[in-house]
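[1] need coordinates for the following:
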Amino acid sequence: QLQVDESGGGLVQPGGSLRLSCSASGGILSIGVMGWYHQTPGNGRYLVGSVFSAGTTTLADSVKGRFTISRDNAKNTLHLQMNGLKPEDSGVYSCYVGLTRLTDDPKTYREFWGQGTQVVVSS
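    This next block holds a predicted model:
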């Protein structure tokens, strides 16, 4: 079964930086898209950024110029470099692994989620 592991969250002062990492492992044939979602209490979950296997990337307008998203297809890893952090960036960041095919069932596309990593931006 595919496993999604996240790391890099923590407490940082406004204006600081964090780097989130996501790693997918376990019987992977292909991954179509990987992304980071941000969730705060009462505000639901929204897409921060994503990277498709062909290289296309997306970033939410609220983080453009501050965040950079990158992916290593060979290692099935995804990174989110977060600079110029603001208090409103606080919340849980979850890694999304979508359009995924596993070696034991190559005809089925699946999606997986990580447990989430907490980011707190506060002075």
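[2] which residue ranges of the chain form strands?
    3-7, 10-12, 18-25, 28-40, 44-52, 57-59, 67-72, 77-82, 91-102, 105-113, 117-121 (DSSP state E).
[3] which residues touch the most centrally placed residue in the chain?
    What sits nearest the mean C-alpha location of the chain, by Cα atoms, centre = their mean, is Trp36, with 2.6 Å. Applying Cβ atoms under 8 Å, 6 or more residues apart in numbering, we find Trp36 in contact with 20, 22, 47-50, 69, 78, 80, 93-96. Glycine gets a C-beta too; all of them are placed from N, C-alpha and C.
[4] mind running it again at 7 Å?
    By Cβ atoms under 7 Å, 6 or more residues apart in numbering, the contact set of Trp36 is Leu20, Val48, Gly49, Ile69, Leu80, Tyr93, Cys95.
[5] turn these into CSV, including distance to Thr108, neighbour count and pLDDT.
    Output for the contacts of Trp36, formatted as CSV (distance: Cβ to Cβ, whole Å; neighbours: other Cβ atoms under 10 Å; pLDDT from 0 to 100):
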residue, distance to Thr108, neighbour count, pLDDT
Leu20, 28, 23, 98
Val48, 27, 24, 98
Gly49, 26, 21, 98
Ile69, 27, 21, 98
Leu80, 28, 27, 98
Tyr93, 27, 25, 98
Cys95, 20, 26, 98
